[in-house]
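Q: sequence and predicted structure below; questions after.
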Amino acid sequence: FAVPREQVRGVHASSGTTGTPTVVGYTGADLDSWATLMARSIRAAGGRPGDVLHNAYGYGLFTGGLGAHYGAERLGCTVVPVSGGMTPRQVQLITDFGPRVIMVTPTYMLTVIDEFEKQGLDPRRSSLEIGIFGAEPWTEQMRAEMEERTGIHAVDIYGLSEVMGPGVAQECVETKDGLHVWEDAFYPEVVDPLTGEVLPDGEEGELVFTSLTKQAMPVVRYRTRDLTRLLPGTARPAMRRMQRITGRSDDMIILRGVNLFPTQVEEIVLRTPGLSPHFRLVLDRVGRLDALTVEVEARPDCPPERRAAAGAEVARLVKETVGTSVEVSVVDPETLERSVGKLKRLVDVRGDR
C-alpha cells in the first residue's frame with residue numbers, strides 16, 4: 001500500500017480471473033470517493049433518492065456488492081442487500097419489497113427472469129424499472145432480451161478492483177450508447193495490446209487507467225486487458241465515453257489461426273430462434289488440432305425436431321461471421337450450470353488429455 005497499514009479502512013480483492021487475486025486497499029477518503037462515484041453512477045442509470053434498490057452482486061472480497069451498497073446508500077436509496085444465489089429468494093424479495101432498481105451481473109439477471117417465469121410470474125409486471133448490469137461483458141442482443149422480457153431499462157456499469165471497483169464508468173439511461181468515464185477520478189487511455197502504443201480516440205485496443213485521487217493504492221497506466229474504444233461524450237459531454245467492453249485480450253480464443261471472443265458467439269446464440277441465452281464454450285484438442293464446441297440450452301418451447309436446425313444455424317453464422325468452424329450441441333433446458341457471480345463462458349479441457 002502507498003499509506004501506512006493503519007490508515008487502510010478496508011480491503012478487497014480482484015476476482016482472480018487472470019491468476020492470483022490482487023488485494024487492494026482503501027483509506028477512509030478512498031471509500032468516500034468510491035461511494036460518491038457509485039452514487040453518481042446509479043443516478044446516471046436512472047436511480048433516484050428514495051428508490052428501493054435490490055443488490056444481487058456478491059458481497060465479500062468481491063467489490064461489486066459493497067461498491068453498489070455504498071453508492072446506493074450515498075444516493076439515498078433503500079438497499080436490499082441480497083447478494084447472489086438462492087434464486088427463488090431473489091424473486092420472493094423482489095415481489096415483497098418492490099424495488100425499482102436491480103444491480104446484478106447480466107447473466108444472473110437472465111437466471112432470475114427464468115425463475116420468475118418458472119414460478120408462473122410475469123417479470124414485466126414486477127416493480128423493476130432499471131437494471132444496472134456489470135462485472136462481465138454483455139451484448140446489445142442481451143440488452144434487447146432483458147428489456148423485452150422485463151420492460152426495464154438495462155444499462156451497463158464498469159469497474160475493476162485494481163482501479164477502484166464498480167463505478168469507474170457508467171452508461172446513461174437517456175442515451176444507452178456506451179459508458180461515460182468519470183474522468184475527474186480516472187484518466188483513460190487505449191493502447192495496442194501487443195505493442196503498448198497509445199491509440200487515438202475511436203480505435204479499439206486495450207483500456208488503460210491512471211487513478212487521480214486514490215490514496216491507499218494509486219495506479220499509473222494500469223493495463224486492464226479489457227478491449228474497447230474511447231469516444232466523445234454525449235449525455236455527459238465533458239467526459240469521454242468508452243464503448244461497451246467487447247472482450248478481454250486474455251479471453252480471446254485463437255482457433256486454427258482465427259481470433260474468436262465469447263461475445264461474438266453470444267450475439268449469434270441470442271438471435272437464433274429456439275435457443276436460450278445460456279451457453280458455454282468447450283475448448284478441446286482432437287488429434288493435433290484445437291476444436292471448439294458451443295453447448296447451448298434449447299428454450300423450453302423449442303421442439304426436439306427444431307434443435308438440430310438451430311444448432312446448424314449457429315455453426316453456419318459462426319463460420320460466416322468469424323471465419324472458423326465450431327461444433328454446436330443443443331442440450332435440454334436447465335442443463336448447464338448457472339452463474340451467480342462473474343460468468344465463466346470458456347471451459348478449456350485440452351490439458352485434461
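A: Looks like it came in fine.

Q: tell me where the stretch 251-353 of the chain has helices.
A: Taking DSSP state H, counting those that start in this stretch to define them, one finds helices in the stretch 251-353 of the chain at 262-270, 304-321.

Q: let me fix that, I meant to ask about the stretch 101-250 of the chain.
A: Secondary structure of the stretch 101-250 of the chain by DSSP H, counting those that start in this stretch: the helices cover 106-118, 140-150.

Q: among these, which is the most enclosed?
A: Among the helices of the stretch 101-250 of the chain, the stretch with the highest mean neighbour count (mean count of other Cβ atoms under 10 Å) is helix 106-118, at a mean of 21. C-betas here are computed from N, CA, C, even on glycine.

Q: near R5, how many other residues are there?
A: For R5, the neighbour count with other Cβ atoms under 10 Å is 9.

Q: count of residues packed around the residue nearest to G178 when sequence neighbours are not counted?
A: Nearest non-adjacent residue to G178, counting by Cβ to Cβ, 6 or more residues apart in numbering: R241, 4.0 Å away. Residues lying near R241 (other Cβ under 10 Å) number 25.

Q: could you list the domains of this structure?
A: Split into domains by automatic domain parsing, the chain comes to 5-246, 253-352.

Q: hmm, back to that, do you know which of the helices of the stretch 251-353 of the chain lies nearest L336?
A: Nearest of those to L336, taken as Cβ to Cβ: helix 262-270 at 12.0 Å.

Q: run through the strands of the stretch 51-200 of the chain in chain order.
A: For the stretch 51-200 of the chain, applying DSSP state E, counting those that start in this stretch gives strands covering 52-55, 78-80, 101-104, 130-133, 153-160, 165-171, 179-181, 186-191.

Q: direction included, what does the fifth one pair up with?
A: Partner strands and pairing direction for strand 153-160 (DSSP bridges) are strand 130-133 (parallel), strand 165-171 (antiparallel).

Q: can you list contacts of it?
A: Here strand 153-160 makes contact (Cβ atoms under 8 Å, 6 or more residues apart in numbering) with 14, 41, 45-46, 63, 67, 103, 106, 129-134, 138, 143, 146-147, 165-173, 176, 179, 224, 226, 242, 244-245.

Q: same thing with stretch 112-126?
A: With Cβ under 8 Å, 6+ apart as the test, stretch 112-126 has contacts from A56, T87, P88, Q90, V91, I94, T95, V104, M146, R149, T150, G151.

Q: without its sequence neighbours, what residue ends up closest to the last one?
A: Leaving aside its chain neighbours, G151 sits nearest to R124 (4.4 Å; criterion: Cβ to Cβ, 6+ apart).

Q: the one you found: neighbour count?
A: R124: 13 surrounding residues under other Cβ under 10 Å.

Q: how much space between it and A13?
A: 38 Å (Cβ to Cβ, to the nearest Å).

Q: swap in E320?
A: Between E320 and A13 the distance is 41 Å, computed by Cβ to Cβ.

Q: coming back round to it: just name the most buried of the domains of the chain.
A: Greatest average neighbour count among the domains of the chain goes to domain 5-246 (a mean of 19), per mean count of other Cβ under 10 Å.

Q: now the end-to-end length of that one.
A: Domain 5-246 has an end-to-end distance of 37 Å (criterion: Cα to Cα, to the nearest Å).

Q: average pLDDT for that domain, rounded please.
A: Domain 5-246 carries an average pLDDT of 95.

Q: what's the longest strand in this protein?
A: For the chain, the strand that runs over the most residues, judged by DSSP state E, is strand 275-286.

Q: and the angle from that strand to helix 304-321?
A: On the basis of axes from the mean of the first three to the mean of the last three Cα atoms, to 10 degrees, strand 275-286 is oriented at 60 degrees to helix 304-321.

Q: show me what strand 275-286 is in contact with.
A: For strand 275-286, contacts defined as Cβ under 8 Å, 6+ apart pick out 107, 110, 142, 145, 253, 255, 262, 265-266, 269-270, 290-299, 302, 310, 314, 330, 333, 336, 338, 344-350, 353.

Q: rewinding a little: okay, the helices of the stretch 101-250 of the chain in a markdown table with distance to T195 next?
A: Putting the helices of the stretch 101-250 of the chain into a markdown table (distance: least, Cβ to Cβ, whole Å) gives the following:
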| stretch | distance to T195 |
| --- | --- |
| helix 106-118 | 32 |
| helix 140-150 | 30 |
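
Q: of all those, which one is nearest F209?
A: Of all the helices of the stretch 101-250 of the chain, helix 106-118 sits nearest to F209, with 22.3 Å by Cβ to Cβ.

Q: keeping just the C-alphas, turn that closest one into CSV.
A: Extracted in CSV, the C-alpha atoms of helix 106-118 (Å, rounded to 0.1, in the frame of the first residue of the first chain):
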residue,chain,number,x,y,z
PRO,A,106,-26.4,-9.7,-16.7
THR,A,107,-26.2,-13.5,-16.9
TYR,A,108,-27.6,-13.9,-13.4
MET,A,109,-30.4,-11.5,-14.3
LEU,A,110,-31.4,-13.9,-17.0
THR,A,111,-31.5,-16.7,-14.4
VAL,A,112,-33.7,-14.5,-12.2
ILE,A,113,-36.0,-13.8,-15.2
ASP,A,114,-36.2,-17.6,-15.8
GLU,A,115,-37.2,-18.1,-12.2
PHE,A,116,-40.0,-15.6,-12.4
GLU,A,117,-41.4,-17.5,-15.3
LYS,A,118,-40.9,-20.9,-13.7
